[in-house]
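S.K.: Return atomic coordinates for the entry below.
(chains A and B)
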Amino acid sequence: MSHHHRRRTTVEAYDASDHNRAPLPLVGDAGQTATVGLDRMTAEQLDEFGRELDDVRQRVLDDLGQADADYIRRVIKVQRALDVVGRIAMFFPFVLPVFVAGIVLLGISKILENMEIGHNVMHGQYDWMNDPLVDGRRYEWDNVAPAEDWKHGHNYIHHTYTNIHGMDRDIGYNLFRVDAEQPWYPSHRFNLPLAFLLMLFFEWGVMYHGVELDEYLGGRMSKAEFTARKKRALQKVRRQMLKDYVLFPALALPLVPFTAWWVPLAVLGGNLVANVIRNIWTFLVIFCGHFPADVETFTEEEAQNESRGQWYFRQLLGSANITGRPLFHVMTGNLSYQIEHHLFPDIPARRYPEVAKDVHRLVEKYGLTYNTGRLSKQLGSVVHQLSVMGRKPDDPYLVGNSPESKALRRAKREAAKRAEEDRVTV
Amino acid sequence: MGITRKALASRPVAALASPRSVDDYLDLVHPMLTVHQVRARVVEVVRETDVATTVVLAPNGAWRGFRPGQHVEFGVEVEGRRRVRVFSVSSSAHGRRRGNGRFSVSVKAHPDGYVSQFLNQGLVPGTLVHLSQADGEFVLPDVVPDDLLLLSGGSGITPVMSMLRTLHESGHRGRVTFLHYARARSDELFSDELDELAGLDELADAGVRIVRVYTREPEPGAELTGRFDLDHLRRLGVDPNRTLTYVCGPAGLIASVRETYDALGAADRLRAEYFKVPAVDLDAADATGTLTFADSGTAADNTGATVLEQAEAAGLSPAYGCRMGVCNTCAVKKNHGAVRHVITGEISADTDETVKICVQVPVGDVDVAL
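M.R.: Predicted structure coming up:
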């Protein structure tokens, strides 16, 4: 398993349900300034960069209206229709093309529900509509991960501390080594086969990730909180399983006398395949948005007390886009515009293509890099990264369980302890 | 409740639709077809005065009806945003005048009331509106007593109008005094209907009196003039100690009615409903302490405004609905500290209680889960 930095920094409380506020930066000792981006821009340029992106955000927020409301409702209608038609078609497994079409339609419906609707609504992108249907606080998605815990881990932790080692639990999800800064452990030899398995069962991975067992074991989460998370997850799993693998197959039972004994089993299998289709697709989009080789990561030290511009800088360099046609973008929930999403997580995703023009302009102006490419290119880069990072590094300090690495961590721990004691005595 | 509706509202069907609700799928067929959510079609928009409108609504099957005096949350979409406000039902509970299942709300445009303005100018028949079930304790008892006073001021007339209409249509026999205060006749809602009802012999025989007082432009030869006072009741022969009284209107009217009833020891005969949240006249200088928003880790000096307004000023965006203490959308946990209700003045200081932040102002140090 991956490493854990000790958290020396104060994490200011932030209400993950209030999406319209800009996330708070990582707060460290007073007087210390963040070094994020200073190798490529001056502090003044970073401030100006921050102001310009804030303007872009505000311009879109001021422009939200009926067109955005109509759009999300249309997507919801299409998704529901695909859901219903797909599920009905699955009751005809003896007409193979209809059955297969049913599975595919249900898979597409689940993709739309998780990506363009669920993910974006739970970011609060449509809270301004004041419509309970798309209220980020109340929304629950078609996925075994409970919305509440996912929102905390994703909207708050991942989107605030994006790509900061020791803070963002999404850097390899405590499962993979995706970055050279992460220490290598023997389990990382299985980076690629494990990633393949996670792809098939991605929703389960998301659910497990949200329970935060590692935080509990590391003593950073109370037993009560952990128990509550487990309970919520189990409840959600029960509901999802009941629907997909009990109730819908049971609805096929009356068909048995007229057709064949295996029809309910076919419905069950169809549901399973539809869930797997959704899992594969969401895995691809998310891995390609975060783990291509050139995506940058940061340390707590360099991100402490960062400015708005530095926060934006970190989001920009910490994400990657995927190019494609409009329908492709809708199917990814516009997370193919992962960079724009990380810059502006709370503005409706349908606005990302228009926002991308402004981001391009600023990237050119300040000579920054903009990580984008076709799905095949980004996927190739992810596979390459997983396989390279899975190999044991030559540097013993990068091997997590080497004596050198252990000694280094011990020294760091003691230094931190001394610093803490100094602070107390002073 | 029909058998289909019952089946659709059942647990197995809910489990099949999970995590969505059944209504989300029925919506695909027709927006009015729902099991849980109340929706209504605007049938008619009647102009009552220059600034007041009655909206006649045909609700769908999810509507469970109302008792006269109750209110309903009314949501219309304008430029993609749903605006929700609370309005009193103004029609008779028997619905004979309006036809099958229909009811109406009457709304006076507020100079800065976005929704009430829209209802006056932009609402057209055929519009779909989102409703809550009818709610509120300001209702007639199941057995209506022989002596009843329905007292109202300004647009506070709507809930008592619903009561009057219901009593009339149910053929209630008993003494009912309907006393309404408006600035002028041109300002009054339902003038023609009230004239008509006042002229009906059958009502007079039954003991119904309809008296209107125009405070700014009194009618020549008016029976009563000026603002409410005990003398008005005496001249109408109403004994507060014996008469169940419903009063609805602005805070000033309710305060003077309440004082009068308190002085006579008749407070238990009085039912009151405010029609407008009074502006909090706590001086900013008088407001002390710190308002802490625990969940977001922010704090602000108490300004004396409502918790909701102070939270918004601090950059938070808590959920809210009616902003007048009715719909409960804004209810949050108050961790500790005392809050004062802007309408009743009641102070609650219990630790760990749920409060509606739109009508509570902090008194001293307060900590809320926002």
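S.K.: Residue B:109 and chain A, how far apart?
M.R.: Distance, residue B:109 to chain A, by C-beta to the nearest C-beta, to the nearest Å: 21 Å. Quick note: C-beta positions are derived from backbone N, CA and C, even for glycine.
S.K.: mind listing what that residue touches?
M.R.: B:51-53, B:116-117, B:119-120 (C-beta atoms under 8 Å, 6 or more residues apart in numbering or on different chains).
S.K.: if you set the cut-off to 7 Å instead, what comes out?
M.R.: Residue B:109 makes contact with B:51-52, B:116-117, B:120, according to C-beta atoms under 7 Å, 6 or more residues apart in numbering or on different chains.
S.K.: hey, which helix is longest across chain A?
M.R.: helix A:263-290 (DSSP state H).
S.K.: quick one: contacts of the very next helix or strand once past that one?
M.R.: The helix or strand immediately downstream of helix A:263-290 is helix A:300-303, counting by DSSP states H and E. With contact meaning C-beta under 7 Å, 6+ apart, helix A:300-303 is reached by A:5, A:9, A:26, A:34-36, A:164, A:166-167, A:314.
S.K.: Over to stretch A:44-57?
M.R.: By C-beta under 7 Å, 6+ apart, the residues outside stretch A:44-57 that reach it are A:37, A:41, A:307-310, A:312-313, A:343-344, A:347, A:355, A:358, A:362, A:366.
S.K.: What about those residues, which are in helices?
M.R.: Residues of the contacts of stretch A:44-57 located in helices (DSSP H): A:308-310, A:312-313, A:343, A:355, A:358, A:362.
S.K.: near chain B too, which of those residues?
M.R.: Near chain B, taking C-beta under 7 Å from any C-beta of the partner chain as the test, no member of the ones in helices among the contacts of stretch A:44-57 is found.
S.K.: if we take those residues, which one ends up nearest to chain B?
M.R.: Distance to chain B, by C-beta to the nearest C-beta, is smallest for residue A:308 among the ones in helices among the contacts of stretch A:44-57, at 14.6 Å.
S.K.: who touches that closest one in this structure?
M.R.: By C-beta under 7 Å, 6+ apart, the neighbours of residue A:308 are A:50, A:54.
S.K.: And the pLDDT at it?
M.R.: Note on residue A:308: pLDDT of 88.
S.K.: Likewise for the one 10 residues further on?
M.R.: Residue-level confidence at residue A:318 comes out at 96, pLDDT.
S.K.: Nearest residue to it in space, please, no chain neighbours.
M.R.: Closest residue to residue A:318 apart from its sequence neighbours, by C-beta to C-beta, 6 or more residues apart in numbering or on different chains: residue A:163 at 3.7 Å.
S.K.: show me what contacts that neighbour?
M.R.: Here residue A:163 is in contact with A:171, A:296-298, A:314, A:318 (C-beta under 7 Å, 6+ apart).
S.K.: In strands, which of the contacts of helix A:300-303 appear?
M.R.: Using DSSP state E, the subset of these located in strands is empty.
S.K.: for the residue nearest to residue A:318, phi and psi?
M.R.: Main-chain dihedrals, residue A:163, degrees, to the nearest 10: phi 60, psi 30.
S.K.: roughly how far apart are it and chain B?
M.R.: Taking C-beta to the nearest C-beta, one finds residue A:163 at 23 Å from chain B.
S.K.: Next one, pLDDT for the residue in the stretch 301-426 of chain A positioned nearest to chain B please.
M.R.: Across the stretch 301-426 of chain A, the shortest distance to chain B (C-beta to the nearest C-beta) belongs to residue A:348, at 10.4 Å. pLDDT recorded at residue A:348 is 95.
S.K.: ditto for residue B:1
M.R.: 58.
S.K.: do residue B:95 as well
M.R.: 67.
S.K.: I'd say the residue of the stretch 301-426 of chain A closest to chain B and residue A:125 touch.
M.R.: Yes - with contacts counted by C-beta atoms under 7 Å, residue A:348 reaches residue A:125, the gap being 4.6 Å.
S.K.: Low-confidence stretches in chain B?
M.R.: B:1, B:95-99, B:112, B:276-285 (pLDDT under 70).
S.K.: and it, which residues reach chain A?
M.R.: B:12, B:15-16, B:18-19, B:24-25, B:28, B:79-82, B:84, B:295-297, B:315-317, B:319.
S.K.: so how many other residues sit close to residue B:335?
M.R.: Each residue near residue B:335 was counted by other C-beta atoms under 10 Å in any protein chain shown, and the total is 16.
S.K.: mind listing what residue B:175 touches?
M.R.: Here residue B:175 is in contact with B:146-148, B:207 (criterion: C-beta under 7 Å, 6+ apart).
S.K.: Could you rerun that using 6 Å?
M.R.: By C-beta atoms under 6 Å, 6 or more residues apart in numbering or on different chains, the residues touching residue B:175 are B:147, B:207.
S.K.: Equivalent analysis for residue A:288, please.
M.R.: Per C-beta under 6 Å, 6+ apart, neighbours of residue A:288: A:322, A:378-379, A:382.
S.K.: any idea which of those residues has the most stuff around it?
M.R.: Compared across the contacts of residue A:288, residue A:378 has the highest neighbour count, 27 neighbours, by other C-beta under 10 Å.
S.K.: Which positions in stretch B:302-309 come out as buried?
M.R.: The neighbour-count check on stretch B:302-309 (16 or more other C-beta atoms under 10 Å in any protein chain shown) flags B:302-309 as buried.
S.K.: Next, the distance between the ends of that stretch.
M.R.: 11 Å (C-alpha to C-alpha, to the nearest Å).
S.K.: So is the one helix or strand residue A:159 maps to next to chain B?
M.R.: Following DSSP H and E, one finds residue A:159 within helix A:159-160. No - using C-beta under 6 Å from any C-beta of the partner chain, helix A:159-160 never reaches chain B; the gap is at least 13.0 Å.
S.K.: Quick one: mean pLDDT for the helix or strand following that helix?
M.R.: Note on helix A:159-160: by DSSP H and E, the next helix or strand toward the C-terminus is helix A:191-200. For helix A:191-200, mean pLDDT rounds to 97.
S.K.: helices or strands up against helix A:191-200?
M.R.: Secondary-structure packing of helix A:191-200 (3 or more C-beta pairs under 6 Å, 6 or more residues apart in numbering or on different chains; DSSP states H and E): helix A:263-290, helix A:375-390.
S.K.: Deepest-packed of the ones you listed, please.
M.R.: helix A:263-290 (a mean of 21; mean count of other C-beta atoms under 10 Å in any protein chain shown).
S.K.: If I take the longest helix of chain A and helix A:375-390, what angle do their directions form?
M.R.: If you take axes from the mean of the first three to the mean of the last three C-alpha atoms, to 10 degrees, helix A:263-290 sits at 80 degrees to helix A:375-390.
S.K.: between helix A:263-290 and helix A:191-200, what angle do the directions make?
M.R.: Per the same axes, to 10 degrees, the angle that helix A:263-290 makes with helix A:191-200 is 130 degrees.
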